[in-house]
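S.K.: Structure for this input, please:
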Amino acid sequence: MSEPHNKDELILEGIAASPGVAHGRAVVYLQKQLDVPCFGIKEDQVDAELERFDKAILETRAEIAGVRDKIAQSLGEGEAGIFDAHLLVLEDNALLEEVTAELKSSKKNIEFCYNKVAQRYISFFRSMEDDYLRERVADISDVSRRLLHNLIGMQKVNLGELAAESIIISEDISPSDAADLDRNKLLGFVTDCGGKTSHSVIMARSLRIPAVVGTHDGTKKIISGDHILVDGHKGIIIINPTEDRLFKYGKFATERKKRDDTFNSFISKPAQTLDGASISLMANVEGAQEMEQVKAMHAEGVGLFRTEGIFLRHHGYPPESVQYEEYRAVVEASGDHPVIIRTLDVGGDKTIGDENVKDDNSFMGFRAIRFCLGNEAIFKTQLRAILRSSAHGNVKIMYPMISGIMELRMANKVFDAVKQELRDEGQAFDEAIEVGAMVEVPSAAVIIDLLAAETDFLSIGTNDLIQYLIAVDRLNDQVAHLYDPAHPAVLRTLKAIIDGGKAADTPVSICGEIAGDPIFAGLLLGMGADSLSLTSSLLPEVKYFIRHIKKVDAEALVTEVTQLSDSTEIVRKLEAFRQKALGELA
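M.R.: Numbering: from 1, shown residues only. Predicted structure coming up:
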């Protein structure tokens, strides 16, 4: 329940996750467990409760049918089939009869009775050994949540069809929620949970909208319809901002635009230091819809194509034909520039509604390359689509979360088998396609010489590498403040990986969020990284910074900070280096 509210200005604090300022109407989106009421009823109220139940079932049936039709038109009948299963769950006679019996025997309200029976079914199916039956848990959970929303009278916010420009307030925003968002009307978002490198924050940065996470109780302090101001630079949310506050932020926005215009004026120039050293600046993307922005920012190709975005948008595992068209669109839009396609990385903060992927410790569990090797049919379908897209441009393929040489060899064995299948079918693909591995697990960093010897390139996924190195779940807001890219262990490991790649003459790229942070860009250049892959909207500032420093100075900075033991002091050194290069623009 939201706390009592007034119209006075109120300031909430969180973690600054995506820069920018937004002012607009709040839409509170709650997706966790509903607060189901429980109260007694009299005998003469039973029929009225059953009528409410029947009405809610009709409303829910209409909702599900509407979603089913929409998915069928956009993605096809195959993808819409899951909602046929939802309709069957909704109208399951055995379940409905048990709810009626529970109502009559307990004399409790219908919401409580339905939830009690539904939870009993969920527990029963979750205990089943049969995989198919266990998978029904997700169907029952989704249907019961819809029905309870209608019984309680809570309107479910449709993130895909926002009525007006809005700022989303939520406990968290999952990648599947993010995939559904109406991005044309999204001004920014605020979450109770999460850290600076969650999938939703990465999306916010790509859209150039502000985000503040880790507020703990934003969903209790803010109600839908509130006018709020989100400051993604300072990590604060202002409810009911005063006219004076809005005036001050208006001046700030004007100053910020002048700064951005200066950065953008250098965007068509090469990413080259004052002493002539070059580094390739590439873009992170989730689909072809981002390629216009990528080209406008003069990115030198796609350094990370996050393919799970396709799976999230399709709420499942799309067929080869769908994946092929998605990959081909990005490849063709990239022209002669390379497109590095990462194979499916589900698990961690990215689940697609498949019970087989859910895990008690999903960042450390059955995810990424482990999932792909354990689901070879899904893996092969994706590899076929990627290989076929390589006939249309400069494609490279990259495996995520490689922890040892045997995983790399097992993935390559599947890849070689798919290549042979395509040859036998007469399908065109690039026979010389390069294969790389992501370095995001400490064990991979330790054996970097072995991995470098058997790959065409390496890419450091710093988001996961940092959390594994210092044992911080980056999505747990209780420890998110400990997530520290400037930790001496992180910097030493990055340097060791880059040095290991260079010793084997294997190019090394950085594709985590620190690649787009100007205070780290100079450090990574000085360490010898061959390329940085970042959200395209961040590219102008990083390029401007690189063009205003010398590589020899960046190398001296690396020597200096890798000898320090305090990350706070390291950050001060990095910020001072940036300040010296950018002056008043810093």
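S.K.: those strands in the stretch 51-200 of the chain, which residues are they?
M.R.: 166-170, 186-191 (DSSP state E, counting those that start in this stretch).
S.K.: Redo those strands as a markdown table? Include mean pLDDT.
M.R.: Listed next are the strands of the stretch 51-200 of the chain as a markdown table, based on pLDDT from 0 to 100:
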| stretch | mean pLDDT |
| --- | --- |
| strand 166-170 | 90 |
| strand 186-191 | 90 |
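S.K.: From these, pick the one with the highest average neighbour count.
M.R.: strand 186-191 (a mean of 27; mean count of other Cβ atoms under 10 Å). (Glycine included, C-beta is placed from N, CA and C.)
S.K.: Direction included, what does it pair up with?
M.R.: Sheet pairing for strand 186-191, assigned by DSSP bridges, gives strand 166-170 (parallel), strand 211-213 (parallel).
S.K.: Which of those strands sits closest to residue 378?
M.R.: strand 166-170 (29.5 Å; Cβ to Cβ).
S.K.: And the closest one, how far out from the chain middle?
M.R.: 17 Å (Cα atoms, centre = their mean, to the nearest Å).
S.K.: Turn the strands paired with strand 186-191 into TSV, columns for distance to residue 276.
M.R.: Formatted as TSV, these follow (distance: least, Cβ to Cβ, whole Å):
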stretch	distance to residue 276
strand 166-170	45
strand 211-213	37
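S.K.: re earlier: can I get the strands of the stretch 51-200 of the chain in JSON lines with distance to residue 115?
M.R.: JSON lines is the format used below for those (distance: least, Cβ to Cβ, whole Å):
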{"stretch": "strand 166-170", "distance to residue 115": "22"}
{"stretch": "strand 186-191", "distance to residue 115": "26"}
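S.K.: Mind splitting this protein into its structural domains?
M.R.: 10-33+158-258, 43-152, 266-585 (automatic domain parsing).
S.K.: Could you tell me the end-to-end distance of the last one?
M.R.: Meaning domain 266-585. This stretch, domain 266-585, spans 14 Å end to end (Cα to Cα, to the nearest Å).
S.K.: so residue 557 touches residue 526, yeah?
M.R.: Yes: at 5.5 Å, residue 557 and residue 526 qualify as touching, with contact defined as Cβ atoms under 8 Å.
S.K.: neighbour count winner among those two?
M.R.: When residue 557 and residue 526 are compared for neighbours, residue 526 comes out ahead with 25 against 20, by other Cβ atoms under 10 Å.
S.K.: The strand or helix carrying that one - contacts with which helices or strands?
M.R.: Element membership for residue 526, per DSSP states H and E: helix 518-527. Applying 3 or more Cβ pairs under 8 Å, 6 or more residues apart in numbering; DSSP states H and E, we find helix 518-527 packed against helix 488-503, helix 539-546, helix 551-561, helix 567-582.
S.K.: Let's see that with 10 Å instead.
M.R.: helix 488-503, strand 508-510, strand 531-535, helix 539-546, helix 551-561, helix 567-582 (3 or more Cβ pairs under 10 Å, 6 or more residues apart in numbering; DSSP states H and E).
S.K.: Show the model's pLDDT score for residue 154.
M.R.: Predicted confidence (pLDDT) for residue 154: 57.
S.K.: Next: residue 194.
M.R.: 72.
S.K.: likewise the one 3 residues further on?
M.R.: Among the per-residue scores, residue 197 shows a pLDDT of 66.
S.K.: Could you shift the numbering so residue one becomes 204, and keep it that way?
M.R.: With the count now opening at 204, the last piece we talked about shows up as residue 400.
S.K.: Report the buried residues of stretch 763-783.
M.R.: 764, 767, 770, 773-774, 776-777, 780-781 (16 or more other Cβ atoms under 10 Å).
S.K.: Let me fix that, I meant to ask about stretch 745-763.
M.R.: By neighbour count, with 16+ other Cβ under 10 Å as the criterion, the buried positions of stretch 745-763 are 745-749, 751-754, 756-758, 760-761.
S.K.: End to end on that stretch, go ahead and measure it.
M.R.: 22 Å.
S.K.: One more: stretch 593-603?
M.R.: 19 Å.
S.K.: tell me which residues of it are tucked away?
M.R.: 593, 595-603.
S.K.: Pull up the gap between the nearest residue in space to residue 639 that is not next to it in sequence and residue 503, please.
M.R.: Using Cβ to Cβ, 6 or more residues apart in numbering and skipping residues adjacent in sequence, the residue nearest residue 639 is residue 660, 4.0 Å away. Residue 660 sits 14 Å away from residue 503, going by Cβ to Cβ, to the nearest Å.
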